[in-house]
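Visitor: Below is the sequence, then the predicted model.
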Amino acid sequence: MIHELKSQGGVSKAHSTSNSPIWPANKSDGEWRLTVAYRGLNEVTPLLSTAMLDMVEVQYELESKAVKWYTTIDFAMHFSPFLWQ
């Protein structure tokens with residue numbers, strides 16, 4: 001299976017920090033499928049910070065300071081293509 005994919009240009013050898021090994025696995029119906037082992041890659045990939053703030057942490061920060069005012073913004077319909085009245 002791997003040799004067939006390689007001859008068709010579907011896979012090729014690569015040397016990268018993001019490589020993950022692929023393994024052919026036999027399915028119950030006799031067909032083959034490719035599986036990818038991401039464990040090694042996951043061990044060395046740095047965690048990404050979230051794009052959104054942790055709201056529990058934000059609330060804690062607000063409550064721990066002597067603030068007089070704070071507000072919230074509702075972005076639920078922010079990207080709506082409709083004009084809401």
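Guide: Thanks, I have it.
Visitor: mind listing the strands in the chain by residue range?
Guide: Here the chain has its strands, by DSSP state E, at 22-26, 32-36.
Visitor: which outside residues touch the last one?
Guide: Read that as strand 32-36. Strand 32-36 has contacts (Cβ atoms under 8 Å, 6 or more residues apart in numbering) with Met1, Ser20, Pro21, Ile22, Trp23, Pro24, Ala25, Asn26, Lys27. Glycine gets a C-beta too; all of them are placed from N, C-alpha and C.
Visitor: and with 6 Å instead?
Guide: Contacting residues not belonging to strand 32-36 are listed as Met1, Ser20, Ile22, Trp23, Pro24, Ala25, Lys27 [Cβ atoms under 6 Å, 6 or more residues apart in numbering].
Visitor: from those residues, which is closest to Gln59?
Guide: Gln59 lies nearest to Ser20 out of the contacts of strand 32-36, by Cβ to Cβ, at 38.7 Å.
Visitor: Helices of the chain, start to end?
Guide: Along the chain, counting by DSSP state H, helices occupy 2-7, 39-44, 55-64.
Visitor: how about the ones you listed in CSV, adding mean neighbour count, mean pLDDT and distance to Lys13?
Guide: Shown next, in CSV, are the helices of the chain (neighbours: other Cβ atoms under 10 Å; pLDDT from 0 to 100; distance: least, Cβ to Cβ, whole Å):
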stretch, mean neighbour count, mean pLDDT, distance to Lys13
helix 2-7, 11, 82, 8
helix 39-44, 10, 83, 17
helix 55-64, 10, 82, 45
